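Student: Sequence and computational prediction follow.
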Number of protein chains: 2
Amino acid sequence: MNKKKQLTESQFLKEYNAKDFDAPLVTVDMAIFTVREDKLQVLLVKRAQHPAINRWALPGGFIDLAKDKQLGDTARRKLKEKTGVDTPYLEQVETFGGYKRDPRGWSVTVAYFALIASEHIEVNRNESSEEVVWVPMDGLSKKYDLAFDHSDILTACYERLQAKVQYTSLPVNLLPDAFTLTDLQKIFEIILGKSVEKKSFRRRVLDANIIEETGEMKTGSNRPAKLYRVNALGSNHYFSRNIEGPR
Amino acid sequence: MNKKKQLTESQFLKEYNAKDFDAPLVTVDMAIFTVREDKLQVLLVKRAQHPAINRWALPGGFIDLAKDKQLGDTARRKLKEKTGVDTPYLEQVETFGGYKRDPRGWSVTVAYFALIASEHIEVNRNESSEEVVWVPMDGLSKKYDLAFDHSDILTACYERLQAKVQYTSLPVNLLPDAFTLTDLQKIFEIILGKSVEKKSFRRRVLDANIIEETGEMKTGSNRPAKLYRVNALGSNHYFSRNIEGPR
DNA sequence: CTATGATAGTGGCTCTATGACACTATGTCA
DNA sequence: TGACATAGTGTCATAGAGCCACTATCATAG
């Protein structure tokens, strides 16, 4: 490898072999969020393999160099495996890398979070016979001691979500295809952890033109509510101002 | 590797060898921004090695598994090599991965951007005898055809910066230790690409309590201006509202 | 020693969007 | 038919932004 300058690029590539170099492990891990039972919940998987066998962890794994064309494909593949959901809201959060986060050595993991509607989850999807749980985010750390640095990763994902609820329409992705404004408000309140004023909220959402009426109504034992769907802009809209909540 | 269940973790680790697995290449690339001559500029390096030899690219390279303890260390090391700057504002932007972004095969690169004050750059720092240029962001794509997908990476970094100028105090990191409010406003205007109203800008910045007076003044051929420095909160403050500019 | 030019910094008006909250509307069900 | 529950609105006070003219304070020139 010492006469580089004289090689053409194709000659160089012929001689090149990735295994001549030390490289870190690369994985993709993800926090899959949904709202069920009026709580923000995240999916955990019990590891069936070494290292950290039998410990709870975020779903994830190695890039499949044959199947995955891009990084996001790995995340989408894992998500599909665990939940059956195909077209989630998926966002890359942060990449963690270091020599001591995995006992196997220098490793890198790309963290994603996904938002899915609980209605879209396929239950009993145990193809890998792995043990899987949905855990509410509040008080999670007391009950589950996650493997590796997954606790840090989850925190990063959660903080990103919390931050973006302030100024984006992102939570619409946690709802089914049709929903009422009250449904939407409730989702925001759950993630924000505080109540939101009704009129302001409706103005904010409607003025942004991110949802449209379906024409249908949701009926119940009281006044029916208009149903809305997200439009093209809606799933990732940035407001120009943070949601403030009560003074 | 088929009797995993019976191994203890330490036995597993003893047998484990990273080279038994196909792994993608991992690199770190960065967009180093500064403001000089009243323009936002980025550092480019002419590649001295295959692949894409002699083409312009963002500075970056492999993780040094021995030297670097964390991902950010790789970025900081590269930054120091090129500019001599030690404590920049450094932010991870996005990780790009795919099978065709590098001719050597499946590769992953973690992109960072750095903001540095041009006053802090050590000139003539040619330790690697590499060719290096500072290029203004406007019209860059016409003059430079970057290697690999570095054009996409740079775009991602630039968009992140542009977005964050709207609602964070991030541009303070492009200024020297002491600066006037007018200096600061100018930096915002350069990155935003539009003018900002003086009074509103000053209110916004001063009310946020992110800078403090040094006590010194900057003198010139006109009324002297108070000098400020960034305080602990200042280098990464989030405003609750976007900067709007003139209507 | 004063006038001028240039930039620093402020006073105060208007306007918009938000929080607040009471009020009206419209369904079900007993 | 009236109670209830939730949907949805009218309207006001207020905070903060843009606007822009005004004042302040220096160096420098004549």
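Tutor: Looks like it came in fine.
Student: Hmm, A:A111 is touching A:E91, no?
Tutor: No - assessed by CB atoms under 8 Å, A:A111 is found out of contact with A:E91, at 9.8 Å. In short, each C-beta sits where N, CA and C put it, glycine included.
Student: For the two, indicate the residue with more neighbours.
Tutor: Under the neighbour definition other CB atoms under 10 Å in any protein chain shown, A:A111 and A:E91 were set side by side, and A:A111 has more, 27 against 20.
Student: Secondary structure element for that one, which one?
Tutor: Per DSSP states H and E, A:A111 falls inside strand A:107-115.
Student: what about that strand, near chain B?
Tutor: Yes - using CB under 8 Å from any CB of the partner chain, strand A:107-115 comes into contact with chain B via A:V108, A:V110.
Student: Buried ones in that strand, by neighbour count?
Tutor: A:S107, A:V108, A:T109, A:V110, A:A111, A:Y112, A:F113, A:A114, A:L115 (16 or more other CB atoms under 10 Å in any protein chain shown).
Student: Give me the helices and strands touching it, please.
Tutor: strand A:25-36, helix A:71-83, strand A:89-98, helix A:150-167, strand B:107-115 (3 or more CB pairs under 8 Å, 6 or more residues apart in numbering or on different chains; DSSP states H and E).
Student: Now do it against strand B:107-115, angle only.
Tutor: 80 degrees (axes from the mean of the first three to the mean of the last three CA atoms, to 10 degrees).
Student: Can you list the strands that strand A:107-115 pairs with?
Tutor: strand A:25-36 (parallel), strand A:89-98 (antiparallel) (DSSP bridges).
Student: could these be laid out in JSON lines, adding mean pLDDT and distance to B:A75?
Tutor: Formatted as JSON lines, those follow (pLDDT from 0 to 100; distance: least, CB to CB, whole Å):
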{"stretch": "strand A:25-36", "mean pLDDT": "96", "distance to B:A75": "17"}
{"stretch": "strand A:89-98", "mean pLDDT": "97", "distance to B:A75": "11"}
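Student: for these, which one ends up most surrounded?
Tutor: strand A:25-36 (a mean of 23; mean count of other CB atoms under 10 Å in any protein chain shown).
Student: hmm, who's touching the helix or strand just after it?
Tutor: Where DSSP H and E defines the elements, the next helix or strand beyond strand A:25-36 is strand A:39-46. For strand A:39-46, the external contacting residues (CB atoms under 8 Å, 6 or more residues apart in numbering or on different chains) are A:31-35, A:54-59, A:82-83, A:130-138, A:140, A:144, A:146, A:154, A:158, A:190-191.
Student: run the last query once more with 7 Å
Tutor: Strand A:39-46 is touched from outside by A:31-34, A:54, A:56-59, A:82, A:130-138, A:144, A:154, A:190-191, with contacts defined as CB atoms under 7 Å, 6 or more residues apart in numbering or on different chains.
Student: Skipping adjacent residues, who's closest to A:L40 in space?
Tutor: Leaving aside its chain neighbours, A:L40 sits nearest to A:M137 (4.8 Å; criterion: CB to CB, 6 or more residues apart in numbering or on different chains).
Student: my guess is A:I116 contacts A:K82, does it?
Tutor: No - counting by CB atoms under 7 Å, A:I116 does not reach A:K82; the two are 10.3 Å apart.
Student: hey, what's in contact with both of the two?
Tutor: A:I32.
Student: returning to what we had before: which of the contacts of strand A:39-46 fall within strands?
Tutor: Secondary structure assignment by DSSP state E places A:A31, A:I32, A:F33, A:T34, A:W56, A:A57, A:V132, A:V133, A:W134, A:V135, A:P136 of the contacts of strand A:39-46 in strands.
Student: Can you report how many residues lie near the fifth one?
Tutor: If I follow you right, that is A:W56. 20.
Student: Assess the claim that it and A:Y144 are in contact.
Tutor: Yes - using CB under 7 Å, A:W56 is in contact with A:Y144, at 5.0 Å.
Student: can you list the domains in chain A?
Tutor: A:24-165, A:168-236 (automatic domain parsing).
Student: among the ones in strands among the contacts of strand A:39-46, which are in reach of DNA strand D?
Tutor: Cross-checking these against DNA strand D (CB under 7 Å from any atom of the strand) gives no overlapping residues.
Student: Of those, which is the nearest to B:N17?
Tutor: Nearest to B:N17 out of the ones in strands among the contacts of strand A:39-46 is A:A57 (CB to CB; 22.5 Å).
Student: Check the gap between the nearest residue to that closest one once chain neighbours are set aside and A:V35 for me.
Tutor: Computed as CB to CB, 6+ apart, the closest residue to A:A57 that is not its neighbour in sequence is A:A147, at 4.2 Å. Distance of A:A147 to A:V35, given as CB to CB, to the nearest Å: 25 Å.
Student: try A:G105
Tutor: Counting by CB to CB - A:G105 and A:V35 are separated by 38 Å.
Student: got it, and A:K186?
Tutor: For A:K186, the distance to A:V35 - CB to CB - is 9 Å.
Student: and what of A:T83?
Tutor: According to CB to CB, A:T83 stands 14 Å off from A:V35.
Student: same thing with A:A66?
Tutor: Distance, A:A66 to A:V35, by CB to CB: 35 Å.
Student: from memory the residue nearest to A:L40 sits against A:Y158, does it?
Tutor: Yes - applying CB under 7 Å, one finds A:M137 in contact with A:Y158, separated by 6.3 Å.
Student: Get me the contact residues on chain A for DNA strand C.
Tutor: Within reach of DNA strand C by CB under 7 Å from any atom of the strand, chain A has these residues: A:197-201, A:203-204, A:207, A:219-224, A:239, A:241, A:243-247.
Student: Among the residues you listed, which ones are in strands?
Tutor: Using DSSP E, none of the residues of chain A next to DNA strand C sit in strands.
Student: Just the buried ones from those residues?
Tutor: If you count burial by 16+ other CB under 10 Å, the buried members of the residues of chain A next to DNA strand C come out as A:F201, A:R204, A:F239, A:I243, A:G245.
Student: Now tell me which of those residues the prediction trusts least.
Tutor: pLDDT is lowest at A:G245 among these; the value there is 69.
Student: What is the neighbour count of A:S240?
Tutor: Around A:S240 there are 12 residues (other CB under 10 Å).
Student: could you list every residue that touches the residue nearest to A:K198 when sequence neighbours are not counted?
Tutor: Excluding its sequence neighbours, the residue lying closest to A:K198 (CB to CB, 6+ apart) is A:Q185, at 6.8 Å. For A:Q185, the contact set (CB under 7 Å, 6+ apart) comprises A:V196, A:K198, A:F201.
Student: do the same with A:A147
Tutor: A:R47, A:A52, A:R55, A:W56, A:A57.
Student: Can you pick out the most distant pair from those residues?
Tutor: Comparing every pair within the contacts of A:A147 by CB to CB identifies A:A52 and A:W56 as the most remote, at 9.2 Å.
Student: related to what we said a few turns ago, mind putting the helices and strands packed on strand A:107-115 into CSV with distance to A:G234?
Tutor: What follows is these, written out as CSV (distance: least, CB to CB, whole Å):
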stretch, distance to A:G234
strand A:25-36, 17
helix A:71-83, 21
strand A:89-98, 11
helix A:150-167, 14
strand B:107-115, 28
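Student: interface residues of chain A facing chain B?
Tutor: When proximity is defined as CB under 7 Å from any CB of the partner chain, chain A approaches chain B at A:4, A:7, A:9, A:12-13, A:16, A:18-19, A:22-26, A:49-51, A:53, A:63, A:65, A:69-71, A:92, A:94-95, A:97-99, A:103-106, A:108, A:110, A:240-242.
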